[in-house]
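Trainee: The sequence isn't on hand, but the structure is:
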Ligand SMILES: [Zn+2]
């Protein structure tokens, strides 16, 4: 009987821990959702977009172009004429802190969360 009791206590503890971790993960994901897209060229901010608003922006640079699209809360490089196409192949991003880098064009697309004001909406 003692082992069964110990076992059930173990499972209750385990399930509680898993539930707590799941809730924490959901909260962290919510906080980690980006709100703004910042586009940098050679470390200078050249354009900003809102993840909440669908928009396509073609950035023309001396090195070429990057067409950046925000769609359904995600941002991605739709097309570019860089050699390696790493930015295009980076895919869709939506979490704060993530970035898409186009090294040949010295272009960085960063996602940020503009703070608790937006997070509480
Ligand atoms: Zn690129």
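Mentor: It's in. All values derive from a computational prediction rather than experimental measurement.

Trainee: at contact distance from the ion, anything in the helix or strand harbouring residue 100?
Mentor: Secondary-structure assignment from DSSP states H and E places residue 100 in strand 99-102. Yes: Strand 99-102 is in contact with the ion by C-beta under 5 Å from the ion, via residue 102. To be clear about C-beta, it is placed using only N, CA and C from the backbone, and glycine gets the same treatment.

Trainee: Mind listing what's buried along that strand?
Mentor: By neighbour count on 16 or more other C-beta atoms under 10 Å, the buried set for strand 99-102 is 100-102.

Trainee: again with stretch 67-76
Mentor: 67-70, 74-76.

Trainee: Pop the domain breakdown of the protein in here.
Mentor: 1-31, 36-115 (automatic domain parsing).

Trainee: With mean pLDDT added, can I get those domains in TSV?
Mentor: Compiled in TSV, these are given as follows (pLDDT from 0 to 100):
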stretch	mean pLDDT
domain 1-31	84
domain 36-115	96
